[in-house]
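J.: Show me how the following folds:
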Amino acid sequence: MKTELEIYRDKIDEIDTKIINLYEARMEVVKNVIDYKIKNNIPILDSSRESKMLDKNLSKIKNHEYKTYYKDVLEGFLKASKSMQADILKNK
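T.: Just a heads-up that it's a prediction; the model follows:
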């Protein structure tokens, strides 16, 4: 018999698997973005786009208690995206 904590951790593991799948899909699209940017001589960093994306996505958070923490997640996604774009650009 699983403990209550083990049940919660199993649920977190299931959610993490879904997040991983979505993250991989997101990064595949980021590859398309950098290919487009390279072809059109557009810089990796678009500060106004980042700001709009953060605002738009944070406004979707229903539980305001989570907003600060989700901002950290989004900023991590942006950092990873820019890092991968820079690596792809460097290797082209």
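J.: okay, Lys92: pLDDT?
T.: Per-residue confidence at Lys92 stands at 80 (pLDDT).
J.: Mind listing what's buried along stretch 75-91?
T.: For stretch 75-91, burial by neighbour count (16 or more other Cβ atoms under 10 Å) applies to 77, 81-82, 84-85, 88. Heads up, the C-betas are built off the backbone N, CA and C, glycines and all.
J.: possible to save those as TSV with pLDDT, secondary structure and distance to Asn32?
T.: TSV is the format used below for the buried residues of stretch 75-91 (pLDDT from 0 to 100; DSSP: H, G, I helix; E, B strand; the rest coil; distance: Cβ to Cβ, whole Å):
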residue	pLDDT	secondary structure	distance to Asn32
Phe77	96	helix	16
Ser81	96	helix	12
Lys82	96	helix	15
Met84	97	helix	12
Gln85	96	helix	11
Ile88	95	helix	11
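J.: What residue, apart from its backbone neighbours, is nearest the most centrally placed residue in the chain spatially?
T.: Among the residues of the chain, the one closest to the centroid is Phe77, at 3.1 Å (Cα atoms, centre = their mean). In space, and not counting its chain neighbours, Phe77 is closest to Arg26: 6.9 Å by Cβ to Cβ, 6 or more residues apart in numbering.
J.: Of the buried residues of stretch 75-91, which is the nearest to Lys71?
T.: Closest approach to Lys71 among those (Cβ to Cβ): Phe77, at 10.7 Å.
J.: before we move on, back to that, in a markdown table, list the buried residues of stretch 75-91 along with distance to Ser59.
T.: Shown next, in a markdown table, are the buried residues of stretch 75-91 (distance: Cβ to Cβ, whole Å):
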| residue | distance to Ser59 |
| --- | --- |
| Phe77 | 16 |
| Ser81 | 20 |
| Lys82 | 22 |
| Met84 | 26 |
| Gln85 | 25 |
| Ile88 | 30 |
